[in-house]
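Novice: my questions are about this predicted structure, shown below with the sequence.
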Amino acid sequence: DMAEPIQQLTRNNSPQERQTIPFTLIQRKEKLGDLLYEKRQYGKAKWACIKMKEKQYEQSICLGFMKLMRYICEQNSSGLYLGITIPIVTIVHTNESQSEMTQSVTVAYYLPEVLQDEPPHPFDSDIIIEEWPSTIVYSR
């Protein structure tokens with residue numbers, strides 16, 4: 001099912017074609033010279049998002065990512081490969097008291113700068129285009 005999107009990604013995704021999302025570094029945590037994580041602030045932007053709720057957290061992330069890859073690799077109103085932006089963000093949801101994680105996750109893809117004003121519409125109705133305000137992200 002994913003052969004076509006993976007082939008498209010392989011053909012079109014050399015490292016110089018990956019767009020790093022512009023961010024402001026807020027904090028960098030290292031241990032013995034190894035990077036543990038960065039706390040970053042991303043500016044207001046449009047993201048393609050999908051919310052998944054499978055039995056396992058990892059399964060939700062994988063399925064959400066695969067659906068986003070189909071959108072990126074031509075299953076959109078432009079019919080074009082949109083290009084990869086990094087990182088792909090995973091939002092882990094918690095219960096109302098924020099005391100435990102739920103099975104629900106959101107996987108989000110930052111739309112490249114050239115598509116921010118008029119993002120292509122996804123064919124998959126589970127994918128929505130959202131405009132996020134300035135956002136804090138922890139990146140590994």
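Specialist: Cool, got the structure.
Novice: can you give me the helices for the chain?
Specialist: Ranges of helices in the chain, per DSSP state H, are 3-12, 57-72.
Novice: now the first one: mean pLDDT?
Specialist: This means helix 3-12. Averaged across helix 3-12, pLDDT comes to 52.
Novice: over to stretch 121-129?
Specialist: 97.
Novice: cool, stretch 109-118 as well?
Specialist: Stretch 109-118 comes out at a mean pLDDT of 95.
Novice: repeat that for stretch 44-64.
Specialist: Across stretch 44-64, pLDDT averages out at 93.
Novice: alpha carbons only: can I get it in CSV?
Specialist: Provided in CSV are the C-alpha atoms of stretch 44-64 (Å, rounded to 0.1, in the frame of the first residue of the first chain):
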residue,chain,number,x,y,z
LYS,A,44,2.8,30.8,13.4
ALA,A,45,2.3,28.4,10.4
LYS,A,46,0.1,26.0,8.6
TRP,A,47,0.4,22.3,9.3
ALA,A,48,-1.2,19.2,7.8
CYS,A,49,-2.5,17.2,10.8
ILE,A,50,-4.0,13.8,11.5
LYS,A,51,-5.3,12.5,14.8
MET,A,52,-5.0,8.8,15.4
LYS,A,53,-6.3,6.6,18.2
GLU,A,54,-5.1,3.0,17.8
LYS,A,55,-4.6,0.4,20.6
GLN,A,56,-0.9,1.1,20.8
TYR,A,57,0.7,4.5,20.8
GLU,A,58,3.4,3.4,18.3
GLN,A,59,0.8,2.1,15.9
SER,A,60,-1.1,5.5,16.0
ILE,A,61,2.2,7.3,15.1
CYS,A,62,3.0,4.9,12.2
LEU,A,63,-0.4,4.9,10.7
GLY,A,64,-0.7,8.7,11.0
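Novice: check contacts around the closest residue to Ser77 other than its chain neighbours.
Specialist: Spatial nearest neighbour of Ser77, excluding adjacent residues (CB to CB, 6 or more residues apart in numbering): His121 at 4.1 Å. In short, each C-beta sits where N, CA and C put it, glycine included. By CB atoms under 8 Å, 6 or more residues apart in numbering, the contact set of His121 is Asn76, Ser77, Ile129.
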